Structure formats: structure tokens, C-alpha cells
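Student: can't give you the sequence, but here's the structure:
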């Protein structure tokens, strides 16, 4: 009798385990499948791919631009960036460099540039606690152009970008134009390889889907907004860690028209964070920012249910990523080592299948990245991409967990990312008060 | 680069119809816009489908003769339905199981309503669904490969009405299901929207085809070529990689299944995928196809007996199209199907390979398409080649006269042959002996539950429904010699058997099966149905001196 009861207990446990594994596997599968589907948006059809590019400018330039260039302890790269921006072919723009009152070195560089060229102006931000949205809000009343553009101090901007953006605004009647941003130094380290590819898929593909669906988290730079639209929206949220994402969500929630365009020769080139730690911090900030945007609930104003679901899912993505990164191996291990029915064991391989498909598309993406940018991608890079995948997942999971923890503790100060280009000790990011 | 506008955000999602740089072969007729909304296409395809379903469905249970293989797959489908695993005897990786899993699904509702309907003759109706879908897919594929409407319709008719195709597609063969998946894969590969996920889907469908019948593997290169030609330069690498990945991943599920069951590699006391593959690869060859004395030659002739037009004409069409690729747009558009035919022909021409009778099924739709395409090409040459605006009227008239003569000549040859073949298919009764034998065994044997009968696979399910124990009561005759799990229950050999149903299959194979041979030798016919070679004898084992 006891035997039978024990047997029944085992059966019950097995059934429970099976149902649990099946449910987790299917959930993971659908998550990964949707993410993959969106990630591959631009390559769906040749027509979609063609539509992701900038239209060729017709020569008629009618808009004026105010380009915001917030700079903080970035005296090493700032001048170069300003010079390059001044090489723009567009005829009507001003550059507003925003510096902090406590940052004389950068201010000096900015003032020098302003003295050289009348198109450059300097605005001093006097906030006690400084961050990027506050800096940009400080500059907003000084903008004279029809369109406000945002760049970072270390950006390499293509001279013809403004002409293309001008054309895009005029031909589409857009309120916002988001240009492409691309990390280029894929050869620097294993994580920069993955980081570059993330940008590639995001700006090359996924963002276009968001534009099409009418819900878009904007990027931090190479973003252009009509000045009156920006003022109407009260500029950027000074308390949000992902003010760029937040602006996009708020603007799309009130039905503003966002246009995304990506041309490999027109992207703004950037560098990956210089160390794993700074990448982790940057990612933590983004995740926490996404979480804040989610909690602000502006996305609930979106008209369509599909849009709201996409918003909910996109803003939660970092956490789903963290979750799946941990659960996929666990799930497969359970299926292999516990004696579950073959059918259930099969289900546990579903998330693995999507993971493999994602990997394959990443390999192809890396190849395409190399072709688009004329970079030589070697076999070693492909190997790094694959081998580094799981470790990158761990990093993402770590950043997500850190973000949740920081948000719970109410720590929403900025952990700025330092840039290798700005190779200065003084360039240490402000307020590095995060326990590692 | 074409000047294009960026994607936009708006309350309503704008259509993404933008001009793209094309790299389609020039000089082709415009591909159909949307078949779903093209009235003439729908009407033509619908009319053809109706005719095909009537011709294939009428008399489907009685002609052709029930085949042993049909019984095998259907019985295994029954085992799947009953939750007895993948087969009622040990599944030994003879074929991937997806084929009969699909048959099980098709027969699920009928067998739930009436359990007795899971017999070969009845369940052939399910194959109508498969051939209906295949017929439509051939039409769609023809149109997607830029065939004119009449040629796509002709291809469908060739596939649906050729007596050879009618006979073979009525039977419950895995190849019929597999080729449907392959056609779907080709249709998706040639999708006019060149959608990434259509190509991905093509990979999935191809994998389903291969897992249904592994011989479809050889057609995959032709599928790849089709996909290559129909993808766009800018998105090709994603589309093709996606398709290959999808196909490989789904294909891997089969070895994964074996691995999970601990049956990937050979070992003592269990079957294995490895052994299954080894068996299939080392099946005794049936000789060279064109060698008059060989088994392969016999198989070839059994096909040509039903129809010469489709196999030989199709082969000629494939050669014509492959040779004229340089000049003919049709030939370029049909490279995929031509290549499929060529590969299948080459595989059949292996010097001493094993050539199963159903092998040709995998080639039929492609033969039909290339034959139709070849005729379209010829038609185009006769009517349009070097034709100028100011061509003299009598030249134009001559062109049409020549075309009419060709059509009449072809019709005069094909129609009588096909009429005869198809009339046989809708009127002949080849299965009366089987029905009678089934009836006899169901009514005249007093105690089916405790009776052991050696029977061929085609009749096996009839006996199961009549109350015989599946597996050890009603026994697939060759299991009595080949399956240790069965021979173990027969310590006294033929003496442990009550009846043997000597159908043509059983008599033919008995020479290699000692137990079956002995059972036939030590039995006398108690009932005989039919005459001559096709007769079915029900033979009762003669117990020697009542020793049993």
C-alpha cells in the first residue's frame, strides 16, 4: 500500500514538474520568438529594407537646426566634435554647447570654439545636481531653430546628415526624426562586438518597427524634434534616467509622427563603453530608465491595444532578458536530467531552438555589419560572437537585477559612462557612488 | 539606390509598398498580382480541383489493390491514435514517424466517430485531402514561377488526372504527404513578397517533408536554388540562412528524439536510429533502371504501364528547360522544378540502388510543372518568337495553325490513353478478395480473441476491428520471423499459429521467411477469394496429430 502511495506521489510530482517545465518552455519560446521577429523587421522584405533608408535630399533646405551638444568633462573630444559638426553641408544651423558651471576645462574649449565661429553658442547649466535632461532643458529656451537636434560630445556626425534630416522632415511631415547611431569598434573586446551588434539590430531594424507601430523609445542622440513640439512637451524629464526613451514614449503617446532612417554612411558613430564595468553601469541606467518610463504610465495613453502591449513588452524587455538568460539553461538541464516524458522534454528544447535561430541571424547580421561599414570581420569575431553570447546574457541579467535593486532603493542618480576617446582621469564619470 | 521614404509613425500603418531595385530575370511575364483576389485564377483552379477530386475520389476504396505499405502506415497511425506509441510493434526507425502521425491526425475525427473506419480502404479518403492540397499548390507554384494561367492549369491537370498519379495518390503512401510539404516549401520559396518569414517557413515545410519521407532530402538543393532565384540581393543572406537554419533545426528533432529515448546509437537490447539508417542504406539493390532483367526496370515499367506522358514527357521537358535556360525565360523561372526532376532521375539511375515503387510520387508534381512549362515554352516559341508588329497575316495564321496542330496531335495521343486509364480507376474493383477475406475472418472464426493469424499489413486493421488481439493475435506476417518480441511468443514455430492469410504479398515474401513458409506448407485453404495470382487464401494450420 505504501509503495503504491509513494508511487502516486512520484507521479504527482512528475506531472507537476512536467506541467511547470512545459509552461516555462512555451513562455520562453514565445518571448524569444517575438523578440526575434521584431529584431529581423528590416529584412522582412526588400521593400521594407529599402524603406528604412533616408530619401535622397532634393537640395531645397528650408528648416533651421539648433544642435544641442551637452558636454561634461569632455574637453578632450569636444572640439573635434564641434569642428566636424561645423563641416555640415546644411546652411542653417547653430550649435549650442551646454557646459556645467563647475567644469571650467570644458567651458574653456566651448568658449574658444564659439569665439571662432558665430554658429557656436555656449549655455551654462547651473543645476546643483547635473544630468543630461536638465542640461538640455536649460538650453531649450535658447534654441532659435525650427528643429532641435541632440548629439553627444564624442559623436562623429556625417556632414550630409542635416540635409537628409531636413528632407525627411519636409517630405514626411514628421514631428520627430531619429537617425541611426552605430557603435563601430567591434574589434575592441568580446563585449564590444556584441554591443556593436546590438546597436546594429536596434537602429538598423527594430526601431523602424517601432516607428511603424506608433510606439517608439527614442535614442539618446542623432534625434531631431520640431522645436515647438518639444516645448509643448516641456522638454525632457529631468528625473528620468532614460530621458530619450521617455521623450519618445510621451511623443508617440500623444500621436506625434516619428520617422526613423538608417543609412550606413549617414549614422552617427560612437564607441562602446571602455570597460565591462562601465558597460554594466550604462546598461543598469538604461534598464532603470526603462523601468521608470514603464512606471510613469504615459504609454497607457496609446490608442491601440497592440501598441500598449508592444510598449509594455518593450519597456519590460531587459527583465525578460534577464529572466530567460537564467531560465533557459536551467530548463534544459531539468529536461535532460530529470526523467520527464519525451514530449515534455521536446518542449524544453523550443527556447533553445529560438536561441539558435537568433544566434544564426546574429552571425549573418555581423557579416552584414562588416559589409555595410567596409570592416573586415574575421572568423575569430564570429567565434567570439557565439562564445560570448551566454556571457553577455549574464551581463545583461546582472544589469537588469542591479537596475531593479537600485530602483527599489530609490537611487536614481546618473552613473555616466566614460569614453575611451576622452582618456582623462578628470573624465571619471560624475558621482561614481554605486557600490560595485 | 532608389530614393525612398523612411518608415513613418501614424495611427494607421502605411503600406510598405516601395519600389526596390529589382534583380528578377528580365523578359518574364509579370508574376500574378494576388492569386487570392484574381477571379480567373480562382475559377480555373477551383474547376480543376473539382474534376480532380471527382476522378481521384470516385471508387477510391476499390482501386488500386490494397498495398501492404498502406496497411503498415495506417496501422502505425492507429497505434499513435490509440496511444500505443509510434507503432504497435517496436518502432525501429525504419522511417521518421511524422508521416503516420499526420495520418493519425487526419483520421482522428473519423475514427472517433466510428472506430471501424480506420481500415485502409476507408481511410484512403483522407488522401483526397492531400492530393487536393497538392493540386492547388502545383497551380500556385506554377503561377508563382511565372507560368501563364493556361500552363499552370495544365500542370495541375497533368498531376491530377494522369492515370499514374491517380493510382498512386489514392494510396496511403508517406510520399504523397511528403511531396505536399515540399510543394508548400517551393510555393513559399517563390513567394512574390520575398518575405523573410516565408522563406523561413519554406525551410520548416521542407523539414516536415523530409521528416515525413526521408527521400525528399534529395530535392532540397532544387528548393535552395528556387529560393535563391526568388530572393532579393539585399535580403538574400538573411532569407536563405533563415531557411536553412529552420530546416536543419526541425530536421534535428528526429535524432534528438532518438537521443532522448536513448536510441541514437546501436546497443544491446534496443533498436536505434543508426541501425535504421544502416538498414535503409544497405537495402539490396534492385538493379540498374535500364537493365531489362532488373527489378528497377520492372518498377519503371509498372509506372509506364499507367502513363507514359507524364514521366517521359516530364523528363523531356526538364531536359529541354535545363538546356534552354540561356534563351528562355520560362526555362529560367522553372529551374527549381527542372532541377528536382533531374536530381530524382539521376538518383533513380544509380547502378544498383534500391528503387521503391512509390519513388516516382516525389517527382510527379515537378514532372507535371516542367512538362507544362516546356509546353508553354514551345507554345511561346511557335506563337511569339521573332514576331513583329508588321508580320504578314498569313505568317501569323500559320503560327496559330501550327499551334492547333500540335494541340490536336497531343490531345489525340493523350486523351484516349488517359481516358482508358482513368476509366479503369473509377470503375474497376481490385479489392473484392480483400473485402471477402476480411468479412470471412470477421464472421466465420468463432473466437477471434484467442485466434492467432498471420496476415499482411493491408488486412491487419480489419482483423483488429473484428476482435483479434493487435500484435500477437493478428500478426503482421513477417514479424513472425523478424521481430524477437513476436517470435518469443511462438516457441513451436508455425504450430502456434491458427491461420495464415496467404495474399499475394505473403506468398511472395514467404520464401525468405521460414516461419511463414512453414505455416503455408502446413496449412490447407479453407476459403479462397479471387483467382490466379491475385487470389487470397485463408489457410488453416493443420495440427500434426493434434499435438497442439
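Tutor: Great, that's in hand. Keep in mind that this is a model prediction, so the values were computed, not measured.
Student: Enumerate the residues of the stretch 301-436 of chain A near chain B.
Tutor: Within reach of chain B by C-beta under 8 Å from any C-beta of the partner chain, the stretch 301-436 of chain A has these residues: A:303, A:342, A:345-346, A:349, A:353, A:356-357, A:360-361, A:363-364, A:367-368. Just so you know, the C-beta spots here come from the backbone N, C-alpha and C atoms, and that holds for glycine as well.
Student: one more time with 7 Å, if that's ok
Tutor: A:303, A:342, A:345, A:349, A:353, A:356-357, A:360-361, A:364, A:367-368 (C-beta under 7 Å from any C-beta of the partner chain).
Student: any idea which of those is least confident?
Tutor: pLDDT across those is lowest for residue A:342, at 74.
Student: With adjacent residues omitted, what lies nearest to residue B:86?
Tutor: Nearest non-adjacent residue to residue B:86, counting by C-beta to C-beta, 6 or more residues apart in numbering or on different chains: residue B:97, 4.6 Å away.
Student: Would you mind pointing out the helix or strand residue 394 falls in?
Tutor: Since no chain was named, I'll use chain A. helix A:379-408 (DSSP states H and E).
Student: The intended chain is chain B.
Tutor: Applying DSSP H and E, one finds residue B:394 within helix B:393-427.
Student: buried sites along stretch B:325-345?
Tutor: The neighbour-count check on stretch B:325-345 (16 or more other C-beta atoms under 10 Å in any protein chain shown) flags B:325, B:328-345 as buried.
Student: residue contacts, the residue minimising distance to the centre of chain B?
Tutor: Closest residue to the average C-alpha location of chain B: residue B:176 at 2.2 Å, with C-alpha atoms, centre = their mean. By C-beta atoms under 7 Å, 6 or more residues apart in numbering or on different chains, the contact list for residue B:176 reads B:127, B:130-131, B:169, B:361.
Student: model confidence over stretch B:525-541, on average?
Tutor: Throughout stretch B:525-541, pLDDT has a mean value of 92.
Student: List the buried residues of that stretch.
Tutor: Neighbour-count burial for stretch B:525-541 [16+ other C-beta under 10 Å]: B:527, B:529-530, B:535-541.
Student: Kindly report the same for stretch B:204-217.
Tutor: B:204-216.
Student: and that stretch, how far from the chain's centre?
Tutor: Between the centre of stretch B:204-217 and the centre of its chain there are 11 Å (C-alpha atoms, centre = their mean, to the nearest Å).
Student: which outside residues touch that stretch?
Tutor: Contacts of stretch B:204-217 (C-beta under 7 Å, 6+ apart): B:95-96, B:98-99, B:102, B:174-175, B:177-178, B:181-182, B:184-185, B:188, B:220, B:223, B:246-247, B:250-251, B:254, B:362.
Student: May I have the residues that are in contact with the residue most central in space within chain A?
Tutor: Nearest residue to the geometric centre of chain A (C-alpha atoms, centre = their mean): residue A:219, 5.8 Å. By C-beta under 7 Å, 6+ apart, the residues touching residue A:219 are A:178, A:181, A:244.
Student: let's go with 10 Å and repeat that
Tutor: Shown in contact with residue A:219 (C-beta atoms under 10 Å, 6 or more residues apart in numbering or on different chains): A:150, A:178-181, A:199, A:202-203, A:207, A:244-245, A:248, A:260, A:268.
Student: does it count as helix, strand or coil?
Tutor: With DSSP: H, G, I helix; E, B strand; the rest coil as the basis, the three-state label of residue A:219 is coil.
Student: count of neighbours near residue B:71?
Tutor: Per other C-beta atoms under 10 Å in any protein chain shown, the neighbour tally for residue B:71 reads 23.
Student: cool, and the one 10 residues further on?
Tutor: The local packing count at residue B:81 equals 19, with neighbours defined by other C-beta under 10 Å.
Student: Residue B:282 too?
Tutor: 9.
Student: right, and it touches residue B:354 too?
Tutor: Yes - applying C-beta atoms under 10 Å, one finds residue B:282 in contact with residue B:354, separated by 9.1 Å.
Student: Now, the contacts of stretch B:204-217 that are in helices?
Tutor: B:98-99, B:102, B:174-175, B:177-178, B:181-182, B:184-185, B:188, B:220, B:223, B:246-247, B:250-251, B:254 (DSSP state H).
Student: Could I get the contacting residues of residue A:61?
Tutor: Taking C-beta under 10 Å, 6+ apart, we find residue A:61 in contact with A:89-93, A:162-163, A:166-167, A:170.
Student: and it, that's in a helix?
Tutor: No - read with three-state DSSP, residue A:61 is coil and lies in no helix.
Student: quick one, phi psi at it?
Tutor: In terms of degrees, to the nearest 10, the main-chain angles of residue A:61 are phi -110, psi 120.
Student: What sits closest to residue A:160 if chain neighbours are left out?
Tutor: Counting by C-beta to C-beta, 6+ apart, residue A:89 is the residue found nearest to residue A:160 once chain neighbours are left out, at 5.4 Å.
Student: tell me the SS of the one you found?
Tutor: coil.
Student: give the contact list for it.
Tutor: Contacts of residue A:89 (C-beta under 10 Å, 6+ apart): A:57, A:61, A:158-164.
Student: Quick one, grab the pLDDT at it.
Tutor: We have a pLDDT of 92 for residue A:89.
Student: go on, residue B:30?
Tutor: 49.
Student: swap in the one 5 residues further on?
Tutor: Reading off the confidence values, residue B:35 has pLDDT 79.
Student: Helix or strand for the closest residue to it other than its chain neighbours, just tell me which one.
Tutor: Nearest residue to residue B:35 in three dimensions, chain neighbours excluded: residue B:41, at 5.0 Å (C-beta to C-beta, 6+ apart). Using DSSP H and E, residue B:41 sits in helix B:39-57.
Student: Which neighbouring elements make contact with that helix?
Tutor: helix B:120-144, helix B:149-161, helix B:163-170, helix B:393-427 (3 or more C-beta pairs under 10 Å, 6 or more residues apart in numbering or on different chains; DSSP states H and E).
Student: what about the residue lying closest to residue A:174 once chain neighbours are set aside, which helix or strand?
Tutor: Using C-beta to C-beta, 6+ apart and skipping residues adjacent in sequence, the residue nearest residue A:174 is residue A:259, 4.0 Å away. Element membership for residue A:259, per DSSP H and E: strand A:258-260.
Student: For that strand, which helices and strands make contact with it?
Tutor: Using 3+ C-beta pairs under 10 Å, 6+ apart, strand A:258-260 is in contact with helix A:161-172, strand A:176-178, helix A:207-213, strand A:223-226, helix A:243-253, strand B:7-8.
Student: Now tabulate these in TSV and tack on mean pLDDT.
Tutor: Listed next are the helices and strands packed on strand A:258-260 as TSV, based on pLDDT from 0 to 100:
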stretch	mean pLDDT
helix A:161-172	93
strand A:176-178	95
helix A:207-213	93
strand A:223-226	96
helix A:243-253	93
strand B:7-8	44
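Student: Looking at these, which is nearest to residue B:312?
Tutor: Of all the helices and strands packed on strand A:258-260, it is helix A:207-213 that lies closest to residue B:312, at 51.6 Å by C-beta to C-beta.
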